[in-house]
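**Q** coordinates only, sequence not included:
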DNA sequence: CTTACGATTCCC
DNA sequence: GGAATCGTAAGG
């Protein structure tokens, strides 16, 4: 075996601590139909004792899927935008990973038709922007990302170079925790 | 029912 | 720096 084909990430990949899954997702491909992006920025939200996590205040209708099995989509709204998370850890443990940015790989024309006439560099460089570019919305709440749904994440012969951590963006609690992951380069 | 508040984005 | 804008969650 030399080069591994791109294939949906297995559920066991997601059944781990968000601090392991978040960096592991860097370099993988997020796909919805013809629109594909390379994940380049993620954030970990911990299942317990993380005041910035949505699950911190318990199980509600919105956070329901976080308590389910790993590998499913947790989509939520903030202002007029959507954000995509992947549920991680075993069922009952509400850890998750927020996908904060991707680089356009395929379907760029489609992305621009949804995002407007912006440069490629601004097409998918934010959690709300990438959801708009890939047309990910509340319809995908709870969807299986392991290859059975319309939105999937593929791994394979991807970049596994060094990862750097920084504090998470846009939160008011646990501001200093180094749970944002980007490529070192 | 009422109120407060965003894991954001875009414009001034 | 500030507004847009609306569902969610909590409290009366």
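**A** Received the coordinates, thanks. Please read these numbers as outputs of a predicted model, since none were measured by experiment.
**Q** Let me know whether stretch A:103-122 sits next to DNA strand C.
**A** No - judged by C-beta under 7 Å from any atom of the strand, stretch A:103-122 stays clear of DNA strand C, getting no closer than 14.7 Å. All C-beta spots, glycine's among them, are computed from the backbone N, C-alpha and C.
**Q** what about that stretch, start to end distance?
**A** Start and end residues of stretch A:103-122 are separated by 9 Å (C-alpha to C-alpha, to the nearest Å).
**Q** How far off centre is it?
**A** 18 Å (C-alpha atoms, centre = their mean, to the nearest Å).
**Q** Any buried residues in that stretch, and which?
**A** Neighbour counts using 16 or more other C-beta atoms under 10 Å place A:103-104, A:107-108, A:110-112, A:115 of stretch A:103-122 among the buried residues.
**Q** Of these, just say which sits nearest to DNA strand B.
**A** residue A:115 (6.5 Å; C-beta to the nearest atom of the strand).
**Q** before we move on, back to that, which one of the buried residues of stretch A:103-122 is nearest DNA strand C?
**A** Of the buried residues of stretch A:103-122, the one sitting nearest to DNA strand C (C-beta to the nearest atom of the strand) turns out to be residue A:115, at 16.3 Å.
**Q** Check the gap between the closest one and residue A:140 for me.
**A** Per C-beta to C-beta, to the nearest Å, residue A:115 is found 18 Å from residue A:140.
**Q** Residue A:39 too?
**A** Counting by C-beta to C-beta, the gap from residue A:39 to residue A:140 is 16 Å.
**Q** What residues does chain A have near DNA strand C?
**A** A:57-58, A:60-63, A:77, A:79-80.
**Q** Of those residues, which fall within the contact range of DNA strand B?
**A** Answer for the residues of chain A next to DNA strand C near DNA strand B (C-beta under 7 Å from any atom of the strand): A:77, A:79-80.
**Q** Let's verify the closest residue to residue A:173 other than its chain neighbours: helix, strand, or coil?
**A** Excluding the flanking residues, the one nearest residue A:173 by C-beta to C-beta, 6 or more residues apart in numbering is residue A:51, at 3.8 Å. Recorded secondary structure, residue A:51: coil (DSSP: H, G, I helix; E, B strand; the rest coil).
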